[in-house]
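S.K.: Have a look at this fold, sequence not included:
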């Protein structure tokens, strides 16, 4: 039966009130319905609910809608949708008398919505658990789900046809509760882990056994006549309980029983079922796990086959297929899986539709963050060219950026040739802002309509962007990168994309006449992680190691083997990936000699090639923007005082006048600042920044009301600055470039990048905390250089920071009595360590070995003046970075 047909919709609207059980005639499980069918299902329900049929909502139609919303959530895992489903489910229950047959079904549906919401929230909360109270709060939804579904099952007669469904619903919730509590052992809190081990182990065991028993009983009820469509889902739930039991006890027989259940689930699932890929994935994972213990070749082949099929299963949600590709790469890093891994990369943009909230997009991508870099590493291993690798990395690596970059599109050129398309583009942009998604949605018809408008506008904008991207001169909007467009990005200077994978590391170099690759044998992902863990990413020893392993071979390959002789500085854009995002490549070198990046080129950064392209194609800042918004936070609630923040802003007033800008110092509430950013040429912030390591979208600049109303990254994305984009943001704040959580490093999502995505053409910020006094010196020197080089321009901003950094570096060298003459005379003895005898750096032809050093080497005290052999003064010039075209 086609539930989305107009005839069915008409029947739903005409059903009279009373005891008639609507669901028995039209209600169905949408789990096997394609996404397009689910979308139509939701749209029809909203249309029916929008009709004026009385004061009370139609609970039958609400139930119909809940089923669709829950199914959409399962495809995209977005918290806003499942929140709305919970609200609608509560309304359906509230408006159904308890003596109706449908009451138990709607109550059980509410419990399942709460279970789903627990899953969505657990991605944000379980790793934050610090104490027993935190765990209780994190588990509130799943506890309520278990309570509701237990009540439903206990009140359901043995001969009720829905009893099987209620048993399975409770089994799923009990399993999820046991699984969630088990995951708390991965929390960073010792107290939380101790609480679980001491107090909750019996509950885990009891929930697990009851879930397994209910799943088995459900299967027994599911044997009469033809195989019921829920059989595959029940077998899958049974398998999960057995797998968790095996994980907890090491019982191999439970794992073997789980494999049989999974094989049954795969066999019972229809080919068009979106769940089939889920079952294939779990079967492949567990077959591989058992193979590692038994080494049976059949299990090995079964694992590869199942994971391969799951990635290629077109009915399965893209988020699942990409996650399976991640598993496949982890288990079988081999050239034979390159094609299927490439399919996974191609699907990454589909897991972050524009209608998703920023946090949901980030979490979706965090689950597959290794797929692009590992696929690129595999491409290099298989002998693919640099262009293929670049396209793969851009396709997957910049997914979140790409979903936001459309806002920076300059409509002026399009309007001159295709006015109707430009007007439609602008309307859809504004519709997305008007209908922006929120995670905490309250039930109302208006909210449902707004949600549907958001979804429709997102899909229509995708189609329109594809259409515009096919027009001559607008290819950059489509995201499709050909050889010519990639090389064109390097017309202002070469680009070094550095792919960091656990398997190998490579530099993908883009110049205006060619693309090439360079294997970086000395660069190691584990070593980068160790340096981050020990907070050594900015040490002098690390800068020297980065020079030897990364920067020097890249600059040599690009033709920058010595400082510029005529003062004509060239620019290089760095696009690092994975942990390398946290390292100051611009500051790499043996300081005190000319062997440094900053003595060879002017450095800028970008999060992706497409971000760089978008910045170049974006509309230039309006001549009407003659304002510089300056914000200083000497004191911040909950933060340490910054006594020099006021001095920093005072220093900038005269410099703004020299740039023909009017300096404005608004209030320090979020509303004050946002009201001025929109029509400013420059936004300069001197204060604290905060990085949320679990949800980067909640990172923010700390204004006076940050505790109750923070100015988050998510809100920056919604500023809609594309009509009059500001030219320059200077974030003189602590840690604006930090990305602490490894899951988000491949998106390079931090305050600096986010200000650029929001619409600022150029952004300067810091990779980590900076000294308050040093901020004044760096700001002064940067603005002075910009003024000296003709005012605000793409080159003057990047060169301004470069010039200021070199000046502060030179002063630091002098303070530490390190003589350039002495360092050059000392040569390789600058670092007290023998050169490695292992092979060094190679290009794609395996030539030009270069010796490397270890990042843990120390600077020799012989390089310091004899009268001062204690500790060098901090190198506060290191963390400042520039993002921009």
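M.R.: Great, that's in hand. Everything quoted here is computed from the prediction, not taken from an experiment.

S.K.: Residue 160 and residue 110: what is the separation?
M.R.: From residue 160 across to residue 110, the span is 18 Å (CB to CB, to the nearest Å). In this view, the C-beta of every residue, glycine as well, is placed from N, C-alpha and C.

S.K.: Please identify which of these two sits among more neighbours.
M.R.: residue 110 (26 against 15; other CB atoms under 10 Å).

S.K.: hey, where'd the helices end up in the stretch 451-600 of the chain?
M.R.: For the stretch 451-600 of the chain, the helices defined by DSSP state H, counting those that start in this stretch cover 475-478, 483-488, 525-533, 540-546, 552-558.

S.K.: got JSON lines for these, with mean pLDDT too?
M.R.: Shown next, in JSON lines, are those (pLDDT from 0 to 100):
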{"stretch": "helix 475-478", "mean pLDDT": "70"}
{"stretch": "helix 483-488", "mean pLDDT": "85"}
{"stretch": "helix 525-533", "mean pLDDT": "93"}
{"stretch": "helix 540-546", "mean pLDDT": "96"}
{"stretch": "helix 552-558", "mean pLDDT": "98"}
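
S.K.: nearest to residue 813, of these?
M.R.: Judged by CB to CB, the one of the helices of the stretch 451-600 of the chain that comes nearest to residue 813 is helix 540-546, at 11.0 Å.

S.K.: isn't residue 81 right up against residue 71?
M.R.: No - Residue 81 lies out of contact with residue 71 (CB atoms under 8 Å); the separation is 9.7 Å.

S.K.: more crowded one of the two?
M.R.: The residue with more neighbours, out of residue 81 and residue 71, is residue 81; 31 against 23, by other CB under 10 Å.

S.K.: nearest residue to the more buried one other than its sequence neighbours?
M.R.: residue 73 (4.7 Å; CB to CB, 6 or more residues apart in numbering).

S.K.: Could you do residue 320 as well?
M.R.: residue 277 is the one closest to residue 320 (CB to CB, 6+ apart), at 5.3 Å.

S.K.: The one you found looks like it's in a strand, true?
M.R.: No - judged by DSSP: H, G, I helix; E, B strand; the rest coil, residue 277 forms no part of a strand; its state is helix.

S.K.: give me the low-pLDDT residue ranges for the stretch 551-700 of the chain?
M.R.: 618-625, 693-696 (pLDDT under 70).

S.K.: Strands along that one, start to end?
M.R.: Per DSSP state E, counting those that start in this stretch, the stretch 551-700 of the chain carries strands over the ranges 571-576, 602-605, 627-632, 662-664, 682-690, 700-701.

S.K.: So what touches the last one?
M.R.: So the one you mean is strand 700-701. 685, 687-690, 692, 706, 710-713, 731, 733, 751 (CB atoms under 8 Å, 6 or more residues apart in numbering).

S.K.: which of those sit farthest apart?
M.R.: Spanning the widest gap among the contacts of strand 700-701 are 685 and 692, at 17.8 Å by CB to CB.

S.K.: the more surrounded of the two?
M.R.: residue 685 (29 against 18).

S.K.: Can you name the element that comes right after the helix or strand encompassing residue 715?
M.R.: Applying DSSP states H and E as the criterion places residue 715 in helix 713-717. The C-terminal neighbour of helix 713-717 among helices and strands, as given by DSSP H and E, is strand 728-734.

S.K.: quick check: angle from the helix or strand just after that following strand to strand 682-690?
M.R.: Following strand 728-734 in sequence order, the next helix or strand is helix 751-758 (DSSP H and E). With axes from the mean of the first three to the mean of the last three CA atoms, to 10 degrees defining the directions, helix 751-758 sits at 140 degrees from strand 682-690.

S.K.: where does helix 751-758 sit relative to the chain's centre, distance-wise?
M.R.: When C-alpha coordinates are averaged (CA atoms, centre = their mean, to the nearest Å), helix 751-758 and its chain have centres 14 Å apart.

S.K.: tilt between that helix and strand 728-734?
M.R.: 160 degrees.

S.K.: Now do helix 751-758: which elements does it pack against?
M.R.: helix 399-405, helix 609-617, helix 713-717, strand 728-734, strand 762-766, strand 880-883 (3 or more CB pairs under 8 Å, 6 or more residues apart in numbering; DSSP states H and E).

S.K.: Could you export the ones you listed to JSON lines, including columns for mean neighbour count and distance to residue 481?
M.R.: Shown next, in JSON lines, are those (neighbours: other CB atoms under 10 Å; distance: least, CB to CB, whole Å):
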{"stretch": "helix 399-405", "mean neighbour count": "24", "distance to residue 481": "11"}
{"stretch": "helix 609-617", "mean neighbour count": "22", "distance to residue 481": "7"}
{"stretch": "helix 713-717", "mean neighbour count": "23", "distance to residue 481": "23"}
{"stretch": "strand 728-734", "mean neighbour count": "26", "distance to residue 481": "27"}
{"stretch": "strand 762-766", "mean neighbour count": "27", "distance to residue 481": "23"}
{"stretch": "strand 880-883", "mean neighbour count": "26", "distance to residue 481": "20"}
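
S.K.: For residue 485, find the nearest of the ones you listed.
M.R.: Closest among these, using CB to CB: helix 609-617, at 7.5 Å.

S.K.: helices or strands up against that closest one?
M.R.: On a contact count with 3+ CB pairs under 8 Å, 6+ apart, helix 609-617 meets helix 386-397, helix 399-405, helix 475-478, strand 495-500, strand 571-576, helix 751-758.

S.K.: again, only using 7 Å
M.R.: If you count contacts as 3 or more CB pairs under 7 Å, 6 or more residues apart in numbering; DSSP states H and E, helix 609-617 packs onto helix 399-405.

S.K.: Verify the stated contact: residue 636 with residue 685.
M.R.: No - using CB atoms under 7 Å, residue 636 is not in contact with residue 685, being 11.5 Å away.

S.K.: for the residue most central in space within the chain, phi and psi?
M.R.: In the chain, the C-alpha nearest the mean C-alpha coordinate belongs to residue 362, at 3.1 Å (CA atoms, centre = their mean). Dihedral angles of residue 362 (phi, psi; degrees, to the nearest 10) stand at phi -60, psi -40.
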